[in-house]
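**Student:** Give me the fold of what follows.
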Amino acid sequence: MGRSISVERLDQGISRVKAKRVELTRCCPVDEHKQRPPTMQRQTMLAVSTSALPKDMPLEPIFVEQSGSVKTKRLSAGLHSLLPTDTSSQIQAFQTDDISQKYFAIRRAGMFRTKVPVSRIMEWQRQSTTAPLLVLSKRLFKDAVTCFKVIQHVMGERDRPVQGAKPSHTGPLALPELSFKGKRKEDDAPKSVAAAGDGLADGNGPRGEKMVMLEEIRWMVQLCVTQGEMRDEVYSQVIKQLTKNPDHDSVVLGFQLFCVFVNSFGPSKHFETVVKNFLEKHLNDQSDRIGIMAKYCMTKIETFSAIGRRAKRLTVGEIEHASDAAFYPSVYGESLARIMDLQKTSYPQLKIPVILTFLADGILALGGTRSEGIFRIPGDGDGVSQLKSRMDRGHYHLKGIDDPHVAASLFKLWLRELEEPLIPTALYNDALMASKDYAQVVEIVQKLPVYNRRVLVFVVGFVQMFMQEKVVEKTRMGPMNLALVLAPSILQTAADSLVTAFSNSSFESKFMQQLLENMKPGEIDPDYVPVHGVAVG
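**Tutor:** Prediction:
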């Protein structure tokens with residue numbers, strides 16, 4: 001009896017709630033879309049964003065056209081050959097006027113408001129600007145003017161800090177004792193904001209002025225990473241201030257800033273021709289090694305164009321290093337041949353880059369075989385920045401680092417940022433086709449350049465240590481998971497299509513999984529059998 005009364009009261013309560021809800025809806029009608037819970041809204045957005053992706057994985061990989069290959073386009077009359085990329089670029093070099101008319105903002109001067117030619121707009125000027133050089137969204141006008149002031153400040157053409165050019169976040173690891181030009185400090189320990197000196201906040205004193213300038217550059221880089229429109233704008237601004245600039249020292253500083261830009265982001269495909277044409281004019285400039293910086297910038301831009309790398313934020317330490325990268329290259333973002341050439345004096349006995357052995361041994365020393373999600377969970381951002389900045393200066397030690405995920409993140413980052421992917425783009429399609437059979441995978445690996453092959457053998461042999469059953473129980477990272485997280489760093493697609501990248505990702509993982517599950521020591525390269533867990537130096 002008591003039970004039936006409870007049920008009856010419960011039904012009455014539910015009826016009253018429903019009636020109240022109907023009454024509220026009549027008084028205050030609400031859009032059905034707004035009534036959806038946040039989770040449902042996110043699911044709807046995700047469904048829309050992935051609607052173009054294939055529901056079933058394809059049986060064969062999608063062929064990716066490489067730079068320089070004969071491209072085709074399907075028209076109503078069938079497939080038609082297109083001009084190679086290099087030829088198209090050369091033709092575009094003669095279309096500067098068309099580019100100027102389309103992308104540069106129109107400026108007028110004089111009593112009759114005569115149109116100012118782009119060639120004159122793109123010449124150095126002493127005073128600040130009041131408008132962007134390119135056609136931009138109105139919301140970015142103020143930022144464009146601020147960027148121009150920062151460029152003038154960096155090039156020594158402005159004697160006071162720029163108001164409003166402050167990064168959104170400043171952490172202690174972003175403020176080491178650095179200089180934009182000159183020798184690096186030997187002490188690589190991070191300095192706190194409080195220890196940075198009295199001149200930091202107001203820009204007084206040489207040290208404070210340098211730090212303020214570096215923070216202004218970091219603000220500009222942050223802006224360009226988040227606002228794609230601004231990338232071409234800042235490239236055009238620095239080119240303008242380097243064109244017919246009467247102060248040679250200012251030109252040197254401007255090219256150093258150019259080196260910072262190319263380490264963070266590249267110009268758009270449309271504006272790339274303008275930037276390359278400018279750099280080509282300075283490739284043979286021997287004064288203060290400007291030609292070396294121009295060649296370095298050209299190489300970086302071509303890498304951005306060929307691989308399609310994403311723009312990345314830079315810490316103050318990375319900015320300082322990037323400004324001198326043409327002469328003191330980072331161990332990240334370089335070619336394997338260049339890295340091996342740079343270390344042959346200090347580590348002549350090594351057959352692979354020292355950074356790779358250092359990070360691998362560091363992962364083991366910090367307990368990577370006992371860390372859940374190793375190679376999948378990213379390391380602490382501050383720790384990653386600190387260790388990367390340290391290695392860029394040639395200091396290979398783990399002082400202050402106790403998280404194996406930091407070393408693992410930098411391990412993958414180094415592979416991902418190689419100037420040419422470990423599996424070169426020319427072999428990318430063949431590698432995907434070979435992923436079904438281990439024997440064919442071995443054939444692809446044996447076609448690799450010597451350094452690429454040995455690095456791949458080292459990486460596979462090292463990761464195989466994490467496939468032992470007792471290790472997998474703790475890390476929860478089996479062969480399939482390891483292949484899934486490492487494949488994007490080994491094989492990098494040049495495809496612009498999201499559908500192509502998504503479809504081919506399974507074949508990339510399968511290629512890596514074949515190596516992890518089947519490769520034996522000495523099988524690929526009898527002259528190189530890697531040894532893991534032995535400290536270098």
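**Student:** Check the offset of stretch 279-291 from the chain's centre.
**Tutor:** Using Cα atoms, centre = their mean, to the nearest Å, the mean C-alpha position of stretch 279-291 is found 26 Å from that of the whole chain.
**Student:** got the end-to-end distance for it?
**Tutor:** 9 Å (Cα to Cα, to the nearest Å).
**Student:** Equivalent analysis for stretch 416-434, please.
**Tutor:** This stretch, stretch 416-434, spans 21 Å end to end (Cα to Cα).
**Student:** Flag every buried residue along that stretch.
**Tutor:** Buried residues in stretch 416-434, counted by 16 or more other Cβ atoms under 10 Å: 416-425, 427-429, 431-434. C-beta here means a position set from N, CA and C on the backbone, and glycine is covered the same way.
**Student:** same check, this time on stretch 127-143
**Tutor:** For stretch 127-143, a neighbour-count test (16+ other Cβ under 10 Å) marks T129, P132, L133, L134, L136, L140, D143 as buried.
**Student:** Can you add pLDDT and give the residues you listed back as JSON lines?
**Tutor:** What follows is the buried residues of stretch 127-143, written out as JSON lines (pLDDT from 0 to 100):
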{"residue": "T129", "pLDDT": "92"}
{"residue": "P132", "pLDDT": "93"}
{"residue": "L133", "pLDDT": "92"}
{"residue": "L134", "pLDDT": "92"}
{"residue": "L136", "pLDDT": "92"}
{"residue": "L140", "pLDDT": "96"}
{"residue": "D143", "pLDDT": "97"}
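**Student:** Closest one of those residues to A494?
**Tutor:** Closest approach to A494 among the buried residues of stretch 127-143 (Cβ to Cβ): L134, at 26.9 Å.
**Student:** so what does whichever helix or strand C147 is part of touch, helix or strand wise?
**Tutor:** Secondary-structure assignment from DSSP states H and E places C147 in helix 141-154. In terms of contacts (3 or more Cβ pairs under 8 Å, 6 or more residues apart in numbering; DSSP states H and E), helix 141-154 is packed against helix 206-226, helix 229-242, helix 248-264.
**Student:** Show me what the shortest one is packed against.
**Tutor:** In other words, helix 229-242. Using 3+ Cβ pairs under 8 Å, 6+ apart, the elements in contact with helix 229-242 are helix 141-154, helix 206-226, helix 248-264, helix 272-280.
**Student:** Span of stretch 343-362 from start to end?
**Tutor:** One end of stretch 343-362 to the other measures 19 Å (Cα to Cα).
**Student:** quick check: mean pLDDT across that stretch?
**Tutor:** The average of the pLDDT scores along stretch 343-362 is 94.
**Student:** Give me the contacts around it.
**Tutor:** Outside stretch 343-362, the residues that touch it by Cβ atoms under 8 Å, 6 or more residues apart in numbering are 331, 336, 339-340, 391, 394, 396, 398, 401, 404, 407-408, 410-411, 414, 451, 454-455, 458-459, 462, 528, 530, 532-537.
**Student:** and M467, what does it touch?
**Tutor:** By Cβ under 8 Å, 6+ apart, the residues touching M467 are G478, P479, L482, L516, E517.
**Student:** returning to that earlier point: could you tell me which of the contacts of stretch 343-362 are located in helices?
**Tutor:** Applying DSSP state H to the contacts of stretch 343-362, the entries found in helices are 336, 339-340, 391, 404, 407-408, 410-411, 414, 451, 454-455, 458-459, 462.
**Student:** Can you pull out the low-pLDDT segments for the stretch 301-450 of the chain?
**Tutor:** 308 (pLDDT under 70).
**Student:** returning to what we had before: so which of the ones in helices among the contacts of stretch 343-362 would you say is closest to F507?
**Tutor:** Using Cβ to Cβ, V459 comes nearest to F507 of those, at 18.6 Å.
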